[in-house]
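Undergrad: I would like to see how this sequence folds:
(chains A and B)
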Amino acid sequence: MPSALPDGDPAPPDGALPGPALASLGERPFGLYVHVPFCRVRCGYCDFNTYTASELGGGASRASYADDAVEEIRLARKVLGERGVPVSTVFFGGGTPTILPPQDLTRIVAVVDEEFGLADGAEVTTESNPDSVGPAELAVLREGGINRISFGMQSAVPHVLEVLDRTHDPRRVPDVVAWAREAGFDEVSLDLIYGTPGESLEDWRASLDSALASAPDHLSAYALIVEEGTALARRMRRGEVPVPDDDDLADKYLLADEVLEQAGLGWYEVSNWARSDTTRCAHNELYWTGADWWGVGPGAHSHVGGVRWWNVKHPAAYASRLAEGVSPAHGREVLDAETRRVEDVLLRVRLREGVPVGVLDEAGRAALPAQVADGVVSAEALARERVVLTLRGRLLADAVVRALLP
Amino acid sequence: MSKSSAPSAPKPGQTDPSVIRNFSIIAHIDHGKSTLADRMLQLTGVVDERSARAQYLDRMDIERERGITIKSQAVRMPWTVGEGVEGVEPGTYVLNMIDTPGHVDFTYEVSRSLEACEAAVLLVDAAQGIEAQTLANLYLALSADLQVIPVLNKIDLPSAQPEKYAAELAGIIGCDPADVLQVSAKTGMGVEALLHEIVRQTPPPVGDADAPPRALIFDSVYDTYRGVVTYVRVIDGKLSHRDKIKMMSTGAVHEMLEVGVISPEPVKAGDLGVGEVGYLITGVKDVRQSRVGDTVTSQVHGATEPLGGYKHPNPMVFAGLFPIDGDDYPTLRDALDKLQLNDAALAYEPETSGALGFGFRCGFLGLLHMEIVRERLERESNLELISTAPNVVYEVVMEDGSRLTVTNPSEYPSGGKIAEVREPVVRATILSPSDYIGVIMELCQSKRGQLQGMDYLSEDRVEMRYTLPLAEIVFDFFDQLKSRTKGYASLDYEPTGDQAADLVKVDILLQGEPVDAFSAIVHRDHAYSYGVALAGKLRELIPRQQFEVPIQAAIGARVIARETIRAIRKDVLAKCYGGDITRKRKLLEKQKEGKKRMKMVGRVEVPQEAFIAALSTSDSGKDKAKK
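TA: Below you'll find the predicted structure:
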C-alpha cells in the first residue's frame, strides 16, 4: 500500500498559484521532478506511490503515462506564466522510471526543454534498477539529454537483497555502471540501504566496498525505514524478521561515513556523499534549501514560493483529471512565514553548510550551548555563526531540530 | 392465593410491626441478587413484568435529563399469604428489602444495612458455592443476630450442584441441608415459596412505639434535584414529616421536608412507625451531614441515648491523584468536591508532585473504593488521571517520643531518629479449592502473613484465615492470589489493629534527582526487590536521551539498586519522501507534541506514559473492582 497524502487545503481546479508565490518565482533555482509510478514488482519495504501491472487496474496504463506527463508540463507552463524560468534540474524518480521505454523519458525531457528551456549545465537524472537497463537503453537515455543516473543497488549481499525483495543480481551492478560510463553519463550515483533485517556489519561493509569498487561519483545510504502498511512491517509484526535496532543503524552509519570519506566521498547531506561539490545531487539540494520545483506525475509533490501541493495518487485519477483539463493537484498548503522558517531549519540542518544562526529565534539560539556541550553541534562552525551537525549530531538530527525549534 | 396489589396493604405510619418483615439479600456480585430482587418486585405486584422494562427505561431518561440517581436502597413490598401456608398466619404483610453495598471496602456500611434487618437471605450460586466476601457478610449477619435464610440460586443451570453446596451452606450456618431453599431467579422457580419463607422465618421488629423516636441511618445518597436522601429504619417511636430532626452524633438539627417509603418509586407518607423502613429528605446538600450509622431523633422530646455502633469512616488507603493534563486540575478539584457530596468516606487535600504536577492526596476505605472513585472521576468529569501507588497509614514514633502519622511517603521522616514504625494489619479470609492451599500459604508467607486457622467448608473447599499487613494487600496481593489460584480463590479482609514493622522508605532517583511519585514505604526485606523491579521497569519505559541516565533506588543515601539508560545514538529520519516536505514537517510537529507531554526530571524527559506504566503494578486493576 502506498502511504497516505497529507491533509491540506483543496487545490484550485486550474492549478493557479497565489500571486505572491508566483511573483517570487525565479528568485531560487527551479527544477522538475517527474514521478514514474510503475514497478515490475513491489518491494516489501516500499511505501512509495508505485503500482505493479496487477495493482494498476483499469483507466491507466504505462503506455499513456508520457502523454499525461507532457500534459502536466504544459499545464505547469500555463500556471507559471510567461516568465523565463530555466530548469536547472530534472529528476525522474519512482517507482522505476526505466521500466518505461527510454524514448518516453527523453520525450519528456524534450518537452521540458521546449516549454521552459533547460539551463546551461542542467542536471538531468533518472533513477534506475540495475536490471531494468542495458547498454542500448542507456545510450538512448544519454542521447536524449539525461546526463546523470542513479542505480538502486541497495546491497551487494544476496540474502539482504532477498529480504528487500530486490530482484537484480548484485554482480550486474559493476556492469551497468560501466555501461553508463561508456554511454557517456557525466555522473553515476548508487543508492544503498542499511539496516535490513539479517544484515550484519560485515554484510554492510561488503556492500560499501562493492559499491566503491565501481567508483561512483555520488552515493546515497539510507537506513531502512519500516513503514506502516508494508509487507515488511507485517512480517516484522508476525516476528518473522527482527525489528531494526537503532544502535546497529548508528554503527552502520558510522562505518559508512568512515569508509566513504576514506574513499574520497564526502558527506554533504545526512544520507548523501559526493566525490566533489560538483557531483552533489543538485536536484536533491533543491529540496533541502527551499528552492522551487514542480512535481509531475501521480502523487508528486511541488513547491513554489511557500506553496506546497501534491497530486492525486492513483495514475487513473491523475490521467482523467488531465484529460478533463483539470489540474491533478489534490491538496495544498500555503506556508506562513514562521512555518517557512521552521522548514528552513528542519531541512538545512541536514546539510554540510548547516543553518545560519540568524534563522533561529531567541530560544533556539539559547539552546545552542547545550547542544554543543552534548557534542551534536559543531563548536567550530558555531564560531562562524552557522549551526552544523557533528558526526554524532547527524545521527541525532531530529532531536537537535526539536531542541532548536519552538 | 398470593398475588395482591394492595388495596388492603397497610399504609406507612399505620403499620402494625407484627406484619413487617425486614430483610437483606447477601450474595456475591454475580450470584443473581438483582435478578432475584426484580423477580420479587414482580411477584409482589410492585412492578409488573411489562412495565418493569418501560419503567427502567424511563428512569434512564430521567437520569439523563435531570442527573438524578434513583436507587432502590430499600423497597417496600406488600405480600399476601393465603390459607394453608404452613407456619404462616394468613394476611397481608409488609416486606422491606434492604440493599447492601456489595463489596469488601464497605464492611461498615454492610453492617449498618444488616443492623436495619431481622433476617438475611443468603443467596449462593448453585454452580459456584459461597465466596469469601459472602461468607464475611454472613458472619456480620450472624453477629447481628439475624435469622439467616439459606438459598441456592441458578438451580436450573446444567452445572448446578445443589446437593454439594446445600451441604456446604448447612455446614457453615449449622442447619439441615434440606432447609436450604432452591430457586431460579431467572425462571422464577421457587421464588414464591421463598417469599412465604421470609414471612415465616423473619422475626417481626420489636420497638417501643411510645418512646422518643430513634431511627438508624443505613444509607444516604446525594441527589442533585432533592439534596441528600437519607434511608432509615425506625427502631422506636415515630418520625413525622412535621418534626425537626436531630443527628445524634453531631447534634445538628434539620428541617424535615419529606418522609416516605420506596415502592419502588418514592411515596410520601405522614409518618414512619416502629419497624418501618423509608427515606427522609431534609434539604442538606452533603452526605457527611447525614452519616451512615448515625441515629436520627426528633429535636423536641428527642432520645438521649443513640443506637449503638456508630463509627466515623476513616480512610485506610491513600494515593495521589493527578490529572494527566495539568490544565485539568480545577476540573479535578470540582469533581472531587462534587463526589464528596455523595461519599462521606472520601478524603482529599491538595498535593504537589515534582514529577506529576498539581493533584490531590486522597484517602479511601480500600483499594476498591479507590478504583470506584477514580472511575467515577474519570467518567463523570471526563478526566484522565494518574494515581500513585496506594499506601496505608503509618504511625512513626520518633526517639524523642513524638509521633507522626504518615499518609504519604514524602512525609516520612528522613534521618535516623525513628524509634518505631507501626503499620495497620487486617484479618484476611480466603476461600479456595483445597488444591491451592500450598500456593496460598506460600503467597501469604511472602507477604508477611500469619496463619490463624483453616477449616474445610466441604470436602474440597477450604477457608483460611490470616493476619496480613494491609500494605501488602494494597500492593498486589489480590492480583497474585487470583493468578496463582487461576481465579478460584476469593478474599475478604477487615482491619484488626496495627503492628510494629521494620519499614524503610525507598526513593527512586533519575540522574541523581529523586522522583517523588515513585517513593514508597516498604518492608526492609522487600526494599531491594522493590528497588530493582522499579529501576528495571523505568529503564524499559523511559526513552533513551542524548546522554546516559542513571536510575538508582536508594534508602536514604544508600543506593540499593542501579540501572542505566544508555544514551540514544540515532534519532534522524534518513530520507525525505520525494519532496514531501509536508510529511517531514508534520512528523516534527508530532514529535514536538510528544515532547510537550513529557515531564522534565532535571534534564531527563520522561513521557507521562512511563509514569503511568511504572505506577500500575499490573494491568488487572479492573479485576479489583469486580471483587
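Undergrad: Below-threshold pLDDT in the chain: ranges please.
TA: Going with chain A. Filtered on pLDDT under 70, chain A yields the residue ranges A:1-5, A:58-59.
Undergrad: Chain B was what I was after
TA: Residue ranges of chain B with pLDDT under 70: B:1-7, B:49-72, B:101-104, B:415-416, B:574, B:576-578, B:616-627.
Undergrad: got the residues of it near chain A?
TA: Residues of chain B found near chain A (CB under 8 Å from any CB of the partner chain) are B:546-547, B:568-586, B:588, B:591-592, B:595. C-beta here means a position set from N, CA and C on the backbone, and glycine is covered the same way.
Undergrad: Let's see that with 7 Å instead.
TA: B:546-547, B:568-576, B:578-586, B:588, B:591-592, B:595 (CB under 7 Å from any CB of the partner chain).
Undergrad: Could you tell me which of the residues you listed count as buried?
TA: B:546, B:568-574, B:576, B:578-585, B:588 (16 or more other CB atoms under 10 Å in any protein chain shown).
Undergrad: wait, doesn't A:Asn272 sit right on A:Ser220?
TA: Yes. Assessed by CB atoms under 7 Å, A:Asn272 is found in contact with A:Ser220 at 5.1 Å.
Undergrad: quick one: which of these two has more around it?
TA: Neighbours per residue (other CB atoms under 10 Å in any protein chain shown) separate A:Asn272 from A:Ser220, with A:Asn272 holding more: 25 against 22.
Undergrad: Roughly how far does the closest residue to A:Ser128 other than its chain neighbours sit from B:Cys444?
TA: Take A:Ser128 and drop its neighbours on the chain: the residue closest to it by CB to CB, 6 or more residues apart in numbering or on different chains is A:Thr98, 4.2 Å away. Plainly put, A:Thr98 is 74 Å away from B:Cys444 if you go by CB to CB, to the nearest Å.
Undergrad: what are the phi and psi values for the residue sitting nearest the centre point of chain A?
TA: Chain A has A:Asn284 as the residue nearest its centroid, 6.1 Å off, counting by CA atoms, centre = their mean. Main-chain torsions, A:Asn284, degrees, to the nearest 10: phi -60, psi -30.
Undergrad: Contact partners for it?
TA: By CB atoms under 7 Å, 6 or more residues apart in numbering or on different chains, the contact list for A:Asn284 reads A:Glu269, A:Asn272.
Undergrad: swap the cut-off to 8 Å and go again
TA: When the contact criterion is CB atoms under 8 Å, 6 or more residues apart in numbering or on different chains, the partners of A:Asn284 are A:Phe91, A:Glu269, A:Asn272.
Undergrad: would you turn those into a markdown table with distance to chain B?
TA: Shown next, in a markdown table, are the contacts of A:Asn284 (distance: CB to the nearest CB, whole Å):
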| residue | distance to chain B |
| --- | --- |
| A:Phe91 | 9 |
| A:Glu269 | 9 |
| A:Asn272 | 10 |
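Undergrad: Narrow those residues to those in helices?
TA: Among the contacts of A:Asn284, no residue falls in helices (DSSP state H).
Undergrad: Can you list which of these are found in strands?
TA: Among the contacts of A:Asn284, the residues falling in strands (DSSP state E) are A:Phe91, A:Glu269, A:Asn272.
Undergrad: what do A:Asn272 and A:Ser220 both touch?
TA: Common neighbours of A:Asn272 and A:Ser220 (criterion: CB under 8 Å, 6+ apart): A:Cys281.
Undergrad: Kindly provide the distance from the residue nearest to the centre of chain A to B:Leu195.
TA: 86 Å.
Undergrad: swap in A:Thr125?
TA: Taking CB to CB, one finds A:Thr125 at 91 Å from B:Leu195.
Undergrad: who's in contact with the closest residue to chain A within the stretch 151-300 of chain B?
TA: Per CB to the nearest CB, B:Ser159 is where the stretch 151-300 of chain B lies closest to chain A, at 38.4 Å. By CB under 8 Å, 6+ apart, the contact set of B:Ser159 is B:Ala127.
Undergrad: Show me the helices in the stretch 151-300 of chain B, by range?
TA: B:162-173, B:191-201 (DSSP state H, counting those that start in this stretch).
Undergrad: What helices and strands are in contact with the last one?
TA: Contacts defined by 3 or more CB pairs under 8 Å, 6 or more residues apart in numbering or on different chains; DSSP states H and E place helix B:191-201 against strand B:20-27, helix B:33-43, strand B:74-81, strand B:91-98, strand B:119-125, strand B:147-153, strand B:181-182.
Undergrad: following the fourth one, which helix or strand shows up next?
TA: Remark: after strand B:91-98, the chain's next helix or strand is helix B:107-115, criterion DSSP states H and E.
Undergrad: For that following helix, name the packing helices and strands.
TA: Helices and strands touching helix B:107-115, by 3+ CB pairs under 8 Å, 6+ apart, are helix B:132-143, strand B:214-223.
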